[in-house]
Structure formats: structure tokens, C-alpha cells
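K.L.:
What follows is a predicted protein model with its sequence.
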2 protein chains.
Amino acid sequence: MIEPHAATAAPATPVTTYDQLREAIAGRYAELPRQLQRVARIALERPRDLALKTVASLAQEAGVQPSTLVRFANALGFGGFSAMQQLFQSHLVERSGSYRERIARMRDDGGERKGAGGVLQRCAGEGMRGLERLADSLPPPALDHAVRLLCGARRIDVLAYRRSFPVACYLAYALNQLELPAHLLDGVGGMNREYAERLTARDVLLAVSFRNYTAECVDVATACSARGVAVVTITDGPLSPLHRVSTVCLPIGDQGRQPFRSLVEPLCLAEVLVLATGHRLAAAASRRRRTH
Amino acid sequence: MIEPHAATAAPATPVTTYDQLREAIAGRYAELPRQLQRVARIALERPRDLALKTVASLAQEAGVQPSTLVRFANALGFGGFSAMQQLFQSHLVERSGSYRERIARMRDDGGERKGAGGVLQRCAGEGMRGLERLADSLPPPALDHAVRLLCGARRIDVLAYRRSFPVACYLAYALNQLELPAHLLDGVGGMNREYAERLTARDVLLAVSFRNYTAECVDVATACSARGVAVVTITDGPLSPLHRVSTVCLPIGDQGRQPFRSLVEPLCLAEVLVLATGHRLAAAASRRRRTH
DNA sequence: GACATGGTGGAATATAGGTTCTATTCTTGG
DNA sequence: CCAAGAATAGAACCTATATTCCACCATGTC
């Protein structure tokens, strides 16, 4: 009953992750037939091509028939080429970080576990994912530009409403700790518009707003921008109405259709902004000291 | 010969790079019809999906017909969806390359990198570590207890000062979104003590404070506790003066002697508290509905 | 309030792509 | 050198997928 010469039979353990796949290819390379080895070469050397290109084009590049690629996938235990390709694609997306695995695990058993513990796991997992995305997507040059503006401002007004307001609170507090002239437009007495109208071209408006954008926030930012005030915004990408009136826009990867949107990302971004500003101030101070 | 209402006509300059594509989408977003805007959103928010998924699945996720995706591509000057998808794929490839570089660099010089980018990476990394710690250390029973108290309260006053104040802002806002009777003690007019004295045994004081603990916060919490008010606290462990007066204490893993302490953890904890409370309210509502 | 125009949904269509099958070639053991 | 088995090439097939088309609807205009 045992099949002889089962060299190309599927391995006993099914392959489900990219790393396993690489290992499997490398491990079985020797016992693979000639043409399949050619495919294996390409698979290990150019995984990106495996992820995106078509069977036909890959076959041509490898000097092989399309069917050979399918046989290769079968030899590794996949139902077809497409199934294998998915693994290559997932790797292209997932960018194997050390946190990745942990987040996935958290998410999995967070979804299964009910009650408060489950919420905690899910929420923390989502937060980590958000921070990862933030670190990936925020362009450092924009951050630098924002920092320069903040350092040079004669006055900084911080504006946000509703859900975003806590972020503004934090910014106003922390920038003051850096001894920068930051003021929180807190809406007491409905005076935000009036206060913001005092800003000049030497000042900065720091505005935070996400969908649905509070109209007053957009209005004030637009008015300030028109008067030549530098406008630094924390908002959700190039579709935001704040984007077009921003001198510098610090985008948060939008969280799509999720019913509950976290403040973890915006707040972390705010902290980064404050820290970077602090570093610049410190550097400037020590430079000044040295020239004395 | 000039076409009227050429809103969805292809732009004059053909798009050939991913950055141009992003810019084109963002720039023309406003003048795009409704359904195409939905697609534009997804395109900017989740470029990975556009690179890898099929027209059918993307259409389903966007709540749109497959043909709409093709129209979207046409509106941007592409011959079809496939042509546009190639740009997204090319971007995915480029980034995956640069990402690996970045990982290597992060490993190599770790926190040594200077400038805005370094701050960003460090801060996001710290945040993740914090969330992990939070998920590990927060006892779900305490969370449950806090949730029960909040759900049963006749009134909830939220108190925090200085650095912790943003967390209180968020809690007051979010609990109100759940239609709970939460009030933010915002300190306007210096009336926090007086307001808090109105709380009774049927109410909850929700206090947030970390070292150095603001004296007034501790005072108010102590007074409330003595009068039999339920006191829920978010603070830094059993050494906190708030701990002894708490009915329920939700501890944040202490961040030691770090000069800069992040609000990411406290805020995430606050979000968990809100979410768990929301779940309980929803469950209670559906139970009530069923018994009718 | 009727008309015109462009947007949208849905099914029909064309096609590109993956998969399977078979004759042929190559390899290996006797 | 021959025979048996496996591997391969190439074509045929079939499914999945993008695309096109048309009728209907919403919107804004005269």
C-alpha cells in the first residue's frame, strides 16, 4: 500500500504560513524533480513575483510549462497554484514583525472570549495594530515641518471638538510643559471663533478633527488659513476637508467602517509631535549654550 | 466640441505612478459622484486590498457593484480596473522592499536613530509594549465590577487633573454617547469640590490620576468614599493614594522612572471600560426586549 | 412639473487565467 | 539494450474575473 518513489507526494504536515512554506521548499528541494527545482529556485529568490504575477508569465520566465507550476504547488500539498499564491501574497502584506504574531493571537482569543476580558484583549490588539500602521504611514518630513512651525510660533491655539477634544487637551497641556505658548480653545463661553481670529501669520493653529468633521472646526481652520496663519492638522487623510487648508497635515490611517474608532492612534501621534518638538527645543538650547 | 459636465471624464494628464494616483484620487474626490467617492475612500484607506483582491470582493466590501470599480478606474484615465490595480501592486512591492530595510535599521541602531522618524518609531514601540502590558495585567473581574457600577449609577462624575484630564474628557464624552448620565468635572470656576459633594451613595465618582497625584483629586475621592459614593479609579497600582479609597481600582502598570509617560495605556483602558459598559447595556436591553 | 443628463444596479459577455489530461520523453533498474 | 515508471510539454478545458451594455433612477434645469 505504501507508494514507491513518493518523492513528489504531498508532505504529511500541511503548510499554512509563509515561513513554513519557505522551509518546506528549502527542505524538499533536493528530492524534487529537475523542473520543479527550477520553480523552487524562483519561488525562493523572487517571492514578490510569485505573489503578483500570473502562471503564464512565471512559467515563461522560468522556462517551464504553466502546468509545472501547478504540479509544484501540488507537490507542496496545495490544491492548486492559487492556494499557494495566497501565502506569498499574505507575506507581502503582513511584513513579518515580531508583534504581528502576538497581535493575531490576541485578536483570535479575544474574539472567542466573551465578557470584559475579551473586550480588553481585542481593544489592546486593535490599538497595537493602529500604532503599527501609524509608524508605517506617517511621513517623517511632515512631522519635521510641523515641529519647526510649533517651535517658531509666537502663539499656538489648539482646536478640537467632541471626540477629538481629549487630544487637544493633551497637546495644550504638553506643549505648555515645554514652555511653548499653547492655548486650548476649550469652547467655554462659545468664544473659539473669536479667539482664533486673533491669530496672525506668526502664529500656529493646531487643529484635530475626524469624520464626521465638526463644521466649526473646519470653518475656523479655513478662516485662519485664508489669513495666512500656519495650520497644522491631525486628521484622517487626504479626503479630510482639513487637508486642503493645512500648512502641514499629519494623517491618521483611517479606520474604515469600524463602528468604534479608537483615540489611541491620534493620541500617540500627538505624543510623538510633542516629543519631537521637545527634542528640537533641547537641541536648539544646547546649541545656543555652546555658542556663548 | 468642448464636452459639458465633464466631471467624470479622464483627467488630461495620464497617471503613471502610485503617488500620482493617490494625488489624483484626493484631488478629484470632491467632483466625483457618490458611489465613486465610496470607492475612492477605500482606495486611499486600504491600498493593499486594492492591490490584491478581486473586483467582486472589493465591490462587496464597498457595498457597490463591480461595474462601479471599473467606472472608477476609467474616471481616473485607466483603460480598466486591471490597469489601475497594477499601480497599487507596484506600490506594494516597493514598500515591502523598503520596509525590510527599515526593520533591519531599527534592529541595528534601535533607539539610536535621531530625528522625527526615530521618535515616531520609539514612541509607537513603547505604546505597543504598554498595551501589551495592559492586556496582561488588568484583572477582568475588576473591569466587570466597574462596568456594573457604571451601569447602575444614577449619576457619574468624572474627575481628573492636568495630564490625566484628557482621559476624563474622553470618558465623559463616550459615556454620554452611551446615554449614561456622565458629567465632566472640568474645573471651570473652581467648582469641582462642590459638584462632587452632590454625589450620593447611588452615584459613581470616576477618578483618574497618576503620580504626582493632584491633591485635590485625592481629596475629593476620599471625601466621596467616606460618604459612601462608589469610587472607580484609574491609577497606577496599589501604592496610589487613590487605591485605598477605591471601590474598584483599575491599575495601569507603572511606567517606572521614565521621564516621559504616555497616555496611550490609560486611554486604551478607558476605551475598554466604555466598550465593556456598552456591551453590558446592549445585553441588558436585548434581555428586556425578549422578556416583553 | 416635464425634460434632459448623468449616475447606478444588474445581468450578459468576453477573456484571461488556472487546471487537467494525454502523448511523449527521459530516467532508471534489470 | 530493453522495459517500466515517472516527469514533462503542450494543448484542451473550464472556472473565475473583468468588462460591457442597457434599463432604471436620481438629480438638477428650464
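P.N.:
Sure thing, it's come through.
K.L.:
anything in the helix or strand hosting A:Cys249 near chain B?
P.N.:
If you go by DSSP states H and E, A:Cys249 is part of strand A:248-251. No. Contact of strand A:248-251 with chain B (CB under 8 Å from any CB of the partner chain) is absent, the minimum separation being 9.6 Å. Heads up, the C-betas are built off the backbone N, CA and C, glycines and all.
K.L.:
so what secondary structure elements neighbour the next helix or strand after that strand?
P.N.:
Using DSSP H and E, the helix or strand that follows strand A:248-251 in sequence is helix A:264-291. Using 3 or more CB pairs under 8 Å, 6 or more residues apart in numbering or on different chains; DSSP states H and E, the elements in contact with helix A:264-291 are helix A:115-137, helix A:140-152, helix A:165-177, strand A:230-235, helix B:115-137, helix B:264-291.
K.L.:
For DNA strand C, which of those is the nearest?
P.N.:
For the helices and strands packed on helix A:264-291, proximity to DNA strand C was assessed by CB to the nearest atom of the strand; strand A:230-235 is nearest, at 24.5 Å.
K.L.:
And the average pLDDT for the closest one is what?
P.N.:
pLDDT averaged over strand A:230-235 equals 98, rounded to a whole number.
K.L.:
Now do the contacts for the closest residue to A:Asp203 other than its chain neighbours.
P.N.:
For A:Asp203, ignoring the flanking residues on the chain, the nearest one in space by CB to CB, 6 or more residues apart in numbering or on different chains is A:Arg155 at 4.5 Å. The contact partners of A:Arg155, taken as CB atoms under 8 Å, 6 or more residues apart in numbering or on different chains, are A:181, A:183, A:199, A:202-204.
K.L.:
Just the buried ones from those residues?
P.N.:
Among the contacts of A:Arg155, those buried by neighbour count (16 or more other CB atoms under 10 Å in any protein chain shown) are A:183, A:199, A:203-204.
K.L.:
Next, find the distance separating A:Ala40 from A:Thr16.
P.N.:
According to CB to CB, to the nearest Å, A:Ala40 stands 19 Å off from A:Thr16.
K.L.:
Can you name the residues in contact with the strand holding A:Cys249?
P.N.:
Taking CB under 8 Å, 6+ apart as the criterion, the residues outside strand A:248-251 that touch it are A:137-138, A:142-143, A:145-146, A:149, A:230-238, A:240, A:242-243, A:269, A:273.
K.L.:
Among the residues you listed, name the buried ones.
P.N.:
Under a neighbour-count criterion of 16+ other CB under 10 Å, the subset of the contacts of strand A:248-251 counted as buried comprises A:138, A:142-143, A:145-146, A:149, A:230-238, A:240, A:242-243, A:269, A:273.
K.L.:
Tell me the one among the buried ones among the contacts of A:Arg155 nearest to B:Cys224.
P.N.:
Using CB to CB, A:His183 comes nearest to B:Cys224 of those, at 31.7 Å.
K.L.:
give the contact list for the closest one.
P.N.:
Counting by CB under 8 Å, 6+ apart, A:His183 makes contact with A:155-158, A:172, A:195.
K.L.:
Across the sheet, point out what pairs with it.
P.N.:
Using DSSP bridges, the bridge partners assigned to A:His183 are A:Asp157.
K.L.:
Can you pull the phi/psi pair for A:Gln86?
P.N.:
Here is the backbone geometry of A:Gln86 (degrees, to the nearest 10): phi -60, psi -40.
K.L.:
Pull the contacting residues for it.
P.N.:
Counting by CB under 8 Å, 6+ apart, A:Gln86 has no contacts.
K.L.:
now do A:Cys169
P.N.:
Under the criterion of CB under 8 Å, 6+ apart, the neighbours of A:Cys169 are A:184, B:165-166, B:169.
K.L.:
quick one, what contacts the nearest residue to it once chain neighbours are set aside?
P.N.:
Here the nearest residue to A:Cys169 in space, its sequence neighbours aside, is B:Pro166; by CB to CB, 6+ apart that works out to 4.2 Å. Applying CB under 8 Å, 6+ apart to B:Pro166 gives the contacts A:166-167, A:169-170, A:173, A:267, B:263, B:267.
K.L.:
switch the cut-off to 7 Å
P.N.:
Applying CB atoms under 7 Å, 6 or more residues apart in numbering or on different chains, we find B:Pro166 in contact with A:166, A:169-170, B:263.
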